[in-house]
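> Just need the structure, nothing else, for what follows:
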Amino acid sequence: MLEPIKVSLESLNLITLAPMLIAIIGGLTILTIDLFKENLDKSLYVMLTILVILIDLGATLGLAVNERGFFDVMLIDGLAIVTQAIMLIASMLFVPLALTSKRFHEYSYPEFFALLLFMLAGLQFMVSSDNLILIFIGLETSSLSLYTLIALHNRHNSFEAAVKYFTMGALAAGFYAMGSAILYGVSGSLELYQIAEAVGSRIDDTGMLALIIGGAAFLLASFSFKLSLFPFHTWAPDVYEGASAPLAGYMSIVPKLAAFVVSMRIFEMLIDQGVVWVQTAVLVLAVVTMTAANLMALVQEDVKRMLAYSSISHAGFVMAAIAIATTKANTAVFLYYGLFLFTNLGAFAMLWVSRHKHQIHHARFDHPYEKFSGMINIMPMGAVVMALFMLSLAGVPPFSVFWGKVYIMSAAVDVNMVWLAIVMGINSAISAYYYLKLIVYMFLKEPSKQMKQETVYYNVSKPLMTILGLTVFVTVGSMFYVDPLIEYITEMVQISGF
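Numbering: from 1, shown residues only. All right, here's what the predicted structure looks like:
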């Protein structure tokens with residue numbers, strides 16, 4: 001008779017689950033409050049959500065580095081802690097935006113905040129594990145919550161966006177499951193470190209190498225959907241257009257960062273084991289993505305769609321860092337997104353500042369360039385702030401995103417990929433055109449006659465102004481205080497062994 005396996009609570013190291021459990025309990029608490037007392041003001045849910053995220057952040061930063069827990073499927077390394085910290089900070093910037101507008105009723109639902117916390121928990125599971133099954137559970141938990149958050153916007157194109165995202169997400173999940181199954185067949189394990197050992201010992205076997213490349217190809221296709229890499233990017237502009245502006249900005253940062261970290265764990269593991277095809281494929285995807293997205297952004301008539309293509313291009317930049325696969329390149333990923341989150345979320349939030357009750361600028365789009373014509377005359381401070389965000393996204397020195405781009409280009413030069421640094425420089429120059437186009441509309445064009453005659457309503461609530469103030473402060477302040485951030489991220493990446 002088999003002896004029962006004895007598991008002690010101490011060996012499970014349940015503290016590694018604390019950040020995710022805090023987010024889940026927070027979401028359930030919000031739903032329970034609504035169950036007993038309906039129609040409470042949304043400000044209560046906003047404050048509760050921020051409190052839960054703050055506690056979550058404290059629990060995350062308090063974790064010991066390089067510990068495993070819960071049957072060794074949880075991995076708390078430097079990557080996990082830095083990523084969770086960035087995601088939680090971005091969430092704290094995003095949640096107060098619910099107080100800035102009475103137009104969109106999704107913020108009146110407590111389910112909105114509960115779903116946001118469930119999504120955060122799923123993303124935290126993704127980045128805190130090297131087990132392919134737990135990564136998949138986290139991926140699907142976050143994705144299902146995000147589909148619903150988009151649909152809650154309750155506009156006709158929001159439902160369309162949610163269905164498109166769901167369809168693409170289902171296809172990506174299928175690719176992920178197939179790729180994981182192949183790697184499991186090759187290695188007999190779902191743990192990345194054990195898969196790495198199996199790949200390293202069998203790389204000289206041509207048949208096995210073909211299987212490994214096949215599994216990697218499925219996983220690469222799956223994450224290309226999630227990261228909106230070319231040619232799997234087509235859903236992104238429509239989904240961003242259908243979501244509310246702040247949610248679109250949030251989607252361009254937090255879920256993508258989690259997917260980048262998982263990509264880093266999987267593909268850099270294969271690159272380190274000598275699977276050259278993976279590095280080549282990731283490089284090609286990165287270069288084609290940043291170039292194609294920039295070219296498509298040039299012809300957009302809507303600022304929101306332009307920012308969507310811009311986010312795709314930035315994803316290409318970051319994917320190039322993963323292909324380089326050095327400590328400096330991995331540090332650049334977190335530096336890039338740590339700075340990009342403030343600038344991009346601020347740019348999307350700025351789309352909310354001005355609205356015109358009766359003026360329809362375009363039959364098809366909500367935020368055409370014409371809407372911003374002469375903004376310097378109507379709302380000078382808004383025009384200056386938006387211009388600041390555009391210059392930063394373009395990589396104009398010395399604003400925030402410039403440092404991320406330079407660091408990635410420097411990492412490419414260090415490994416003799418000068419051609420990649422040149423391609424990045426050319427793409428930055430191309431992107432400057434469509435960012436400067438918006439600045440031209442705001443500063444050099446006159447407002448339309450209808451706009452001059454019409455009463456313009458501004459969304460200048462204190463929460464929005466506070467969030468925009470913080471994003472501007474970081475965007476400008478990064479030119480003076482970026483070195484300590486680089487040192488901290490480098491230390492955490494080195495601890496993780498990347």
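
> Need the contact partners of stretch 147-160.
Stretch 147-160 is contacted from outside by 104-106, 109, 111-112, 115-116, 119, 161-162, 165-166, 169, 238-239, 241-244, 247, using C-beta atoms under 8 Å, 6 or more residues apart in numbering. C-beta coordinates here come from the backbone N, C-alpha and C atoms, glycine included.

> Over to the residue sitting nearest the centre point of the chain: give its phi and psi.
When C-alpha atoms, centre = their mean is applied to the chain, the residue found nearest the centroid is residue 253 (2.4 Å). When quoted as degrees, to the nearest 10, the phi and psi of residue 253 stand at phi -120, psi -60.

> per-residue confidence for it?
pLDDT for residue 253: 86.

> What of residue 2?
For residue 2, pLDDT reads 54.

> mind listing what residue 140 touches?
122, 173.

> still on that earlier bit, just the buried ones out of the contacts of stretch 147-160, please.
Buried positions within the contacts of stretch 147-160, assessed by neighbour count (16 or more other C-beta atoms under 10 Å), are 104, 106, 111-112, 115-116, 119, 161-162, 165-166, 169, 238-239, 241-244, 247.

> just the strands in this protein please.
67-69, 74-76, 354-356, 456-458 (DSSP state E).

> lowest-confidence stretch among those?
Averaging pLDDT over each of those puts strand 456-458 lowest, since it has a mean of 49.

> Sketch out the low-pLDDT regions of the stretch 351-498 of the chain for me.
Applying pLDDT under 70 to the stretch 351-498 of the chain picks out residues 353-366, 448-461, 496-498.

> What's the local residue count around the closest residue to residue 24 other than its chain neighbours?
Of all residues not flanking residue 24 in the chain, residue 121 sits nearest, at 4.9 Å (C-beta to C-beta, 6 or more residues apart in numbering). When neighbours are defined as other C-beta atoms under 10 Å, residue 121 has 25 of them.

> check contacts around residue 121.
Residue 121 neighbours (C-beta under 8 Å, 6+ apart): 20, 21, 23, 24, 27, 141, 142.

> Compare these and tell me which has the most neighbours.
residue 23 (28 neighbours).

> That one: what's it in contact with?
For residue 23, the contact set (C-beta under 8 Å, 6+ apart) comprises 52, 53, 56, 117, 118, 120, 121, 124.

> and what of residue 386?
Residues in contact with residue 386 (C-beta under 8 Å, 6+ apart) are 347, 350, 372, 375, 438, 442.

> Next: residue 245.
Residue 245 neighbours (C-beta under 8 Å, 6+ apart): 304, 348, 349, 351, 352, 367.

> okay if I get those as a markdown table plus neighbour count and distance to residue 393?
Shown next, in a markdown table, are these (neighbours: other C-beta atoms under 10 Å; distance: C-beta to C-beta, whole Å):
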| residue | neighbour count | distance to residue 393 |
| --- | --- | --- |
| 304 | 22 | 14 |
| 348 | 30 | 11 |
| 349 | 24 | 14 |
| 351 | 23 | 14 |
| 352 | 22 | 17 |
| 367 | 24 | 16 |
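
> could I get these as CSV with distance to residue 183?
What follows is those, written out as CSV (distance: C-beta to C-beta, whole Å):
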residue, distance to residue 183
304, 38
348, 37
349, 40
351, 42
352, 44
367, 43
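
> Isn't residue 229 up against residue 316?
Yes. Contact criterion C-beta atoms under 8 Å: residue 229 and residue 316 qualify, at 6.8 Å.

> tell me, what's touching these two both at once?
With C-beta under 8 Å, 6+ apart, residue 229 and residue 316 have common neighbours 285, 286, 289.

> Go through those residues and name the one nearest residue 431.
Among the shared contacts of residue 229 and residue 316, residue 289 lies closest to residue 431 (C-beta to C-beta), at 12.8 Å.

> The closest one and residue 259: what is the separation?
14 Å (C-beta to C-beta, to the nearest Å).

> Residue 334 too?
In terms of C-beta to C-beta, residue 334 sits 14 Å off from residue 259.

> And the average pLDDT for the longest helix seen in the chain is what?
Longest helix of the chain, by residue count under DSSP state H: helix 156-187. Mean pLDDT, helix 156-187: 84.

> cool, stretch 274-291 as well?
87.

> who touches it?
199-200, 203, 209, 212-213, 216-217, 220, 224, 229-230, 233, 267, 270-271, 312-317, 319-320, 322-323, 325, 420, 423-424, 427, 430.

> Which of those are buried? Put it as a PyMOL command.
A single PyMOL command suffices to select whichever of the contacts of stretch 274-291 are buried according to 16+ other C-beta under 10 Å:
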select buried, resi 199+209+212+213+216+217+220+224+229+230+233+267+270+271+312+313+314+315+316+317+319+320+322+323+325+420+423+424+427+430
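
> Which ones among the contacts of stretch 274-291 map onto helices?
The members of those that map onto helices under DSSP H are 199-200, 209, 212-213, 216-217, 220, 224, 267, 270-271, 312-317, 319-320, 322-323, 420, 423-424, 427, 430.

> Neighbour-wise, which one of the shared contacts of residue 229 and residue 316 leads?
Greatest neighbour count in these, by other C-beta under 10 Å, goes to residue 289: 28 neighbours.
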